[in-house]
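Chemist: here's a sequence, model it:
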Amino acid sequence: MTKGDRIVERGSERLRDLSEKAAAKGGVAEKLAPPLAEDAAFLRKLKPSLIAARARGEAPTNLEPGAEAIAPTGPQLGERRKRKKGPNPFVVVGAALALGVTLAKLIDWRGHAHPRG
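Modeler: Numbers count the residues shown, from 1 in each chain. Here you go, the predicted model:
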């Protein structure tokens, strides 16, 4: 293995580790994990010795893109998020609307009691 191969392999391992961490983290980072794993597999194909072998005709050049299967590196489903306790937002909006209408009617009624005029 040449020095260039080791550098590419180290970069590929870092990408794979990053994808594993992203998959374990969850959320938006979890959605980035599969493309990072695919990038790690693609980077392994860019080793200088493999490129030279393909140029000499010693390595296959007709592989389909993504032919290498990428297995999940960790659990696919993390822990479920806990439901936040609190009032239903529809109840809060309804109560605010009712309070606003009541307050507007009260102000309007008091305005008729003392005209400015």
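
Chemist: what's the domain layout of this structure?
Modeler: Here the domain assignment for the chain is 3-80, 86-117, based on automatic domain parsing.

Chemist: same list (these) but as a markdown table, adding mean pLDDT and mean neighbour count.
Modeler: The way it works is simple: take the backbone N, C-alpha and C, and place the C-beta from them, glycine included. Putting those into a markdown table (pLDDT from 0 to 100; neighbours: other Cβ atoms under 10 Å) gives the following:
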| stretch | mean pLDDT | mean neighbour count |
| --- | --- | --- |
| domain 3-80 | 80 | 13 |
| domain 86-117 | 87 | 9 |
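
Chemist: where along this structure do the helices fall?
Modeler: Listed from the start of the chain, the chain has helices (DSSP state H) covering 3-25, 28-44, 48-56, 89-113.

Chemist: and those as CSV, adding distance to R81?
Modeler: Putting those into CSV (distance: least, Cβ to Cβ, whole Å) gives the following:
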stretch, distance to R81
helix 3-25, 13
helix 28-44, 13
helix 48-56, 43
helix 89-113, 17
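
Chemist: most centrally placed residue in this structure?
Modeler: Among the residues of the chain, the one closest to the centroid is V28, at 2.0 Å (Cα atoms, centre = their mean).

Chemist: alright, calling it a day.
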